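In: fold the following for me, if possible:
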Amino acid sequence: SVNDGRKNNYGGITVWGASSDYSVTNCTIYNNTVCTDDDLVVNGTPAAITFMGTSYKNVLVANNIFVNKGDAHFINADVLVSKFSAQLLHNDYYSYDNRYIFDYGHQKFQSIRTWLENNPDQEISGRTIALITVNPLFTHNPFDRQERKDLSIQKKSPIRKRLFIIPSYSNRKVFPGASQ
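Out: Presented below is the predicted three-dimensional model:
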């Protein structure tokens, strides 16, 4: 995804639990690449991922590459997201201009460190921080209008050395009360 969510505060990935009748439940969002910048925004604030509403449970967002530039946010969320609603795990957050913005439950965080300190259930595996912040080394610039259709990463990308297998999470309870 390159620059999806250009209006109405949507994200490149949007999890919209509108109500209990339209909840997002037992869902895994994994192995995506989302590149977002603040160029040509129609309205709202673009983000890599947006959580709208409050009706979601047992959502796992894992092993994704989120790359931002400018004032684009990594996460926009209407409310604080607990790991029982949605857990972020083993994602790469990389900013081309070293701006890490998280709008999370109407609190704005300007760094990954402060976001993690205020959301200790996210991006944690056991006692280890499970996210990375490395340049994925795309073969082409994802923000170049001529080249952005190719989101392949180079052979020397540090992402390629990171092992995380989603099925191991599918075969056990990730969240208390999760169905197997």
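In: where's the helix or strand containing G12 relative to the chain centroid, distance-wise?
Out: Element membership for G12, per DSSP states H and E: strand 11-17. Centre-to-centre, strand 11-17 and its host chain are 10 Å apart (C-alpha atoms, centre = their mean, to the nearest Å).
In: surely H73 touches I101?
Out: Yes: proximity of H73 to I101 meets the contact threshold set by C-beta atoms under 8 Å, at 4.5 Å. Every C-beta, even on glycine, is put in place using the N, C-alpha and C of the backbone.
In: more crowded one of those two?
Out: Each of H73 and I101 has its neighbours counted (other C-beta atoms under 10 Å); H73 has more, 26 against 21.
In: on the three-state scheme, the residue most central in space within the chain is what?
Out: In the chain, the C-alpha nearest the mean C-alpha coordinate belongs to I49, at 4.8 Å (C-alpha atoms, centre = their mean). The local conformation at I49, judged by DSSP: H, G, I helix; E, B strand; the rest coil, is strand.
In: just checking, it touches I65?
Out: No: counting by C-beta under 8 Å, I49 does not reach I65; the two are 11.7 Å apart.
In: what residues are shared contacts of these two?
Out: Residues touching both I49 and I65 (C-beta atoms under 8 Å, 6 or more residues apart in numbering): V34.
In: off-centre distance for stretch 46-56?
Out: The answer for stretch 46-56 is 10 Å, by C-alpha atoms, centre = their mean.
In: mind saving the C-alpha coords of that stretch as PDB?
Out: The C-alpha trace of stretch 46-56 is given here as PDB (Å, rounded to 0.1, in the frame of the first residue of the first chain):
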ATOM      1  CA  PRO A  46      -2.900   9.900   7.000                       C
ATOM      2  CA  ALA A  47      -1.600   7.000   9.000                       C
ATOM      3  CA  ALA A  48       0.000   3.600   8.400                       C
ATOM      4  CA  ILE A  49      -2.800   2.000  10.500                       C
ATOM      5  CA  THR A  50      -6.000   3.400  11.900                       C
ATOM      6  CA  PHE A  51      -8.200   1.900  14.600                       C
ATOM      7  CA  MET A  52     -11.700   3.400  14.400                       C
ATOM      8  CA  GLY A  53     -14.500   2.700  16.900                       C
ATOM      9  CA  THR A  54     -14.200   0.400  19.800                       C
ATOM     10  CA  SER A  55     -15.700  -2.900  18.600                       C
ATOM     11  CA  TYR A  56     -12.700  -5.200  18.000                       C
END
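In: and that stretch, average pLDDT?
Out: What stretch 46-56 shows for mean pLDDT is 90.
In: repeat that for stretch 61-74.
Out: So the average pLDDT for stretch 61-74 ends up being 92.
In: now it: buried residues?
Out: Within stretch 61-74, the residues that count as buried by 16 or more other C-beta atoms under 10 Å are 61-70, 72-74.
In: I am finished for the moment; much appreciated.
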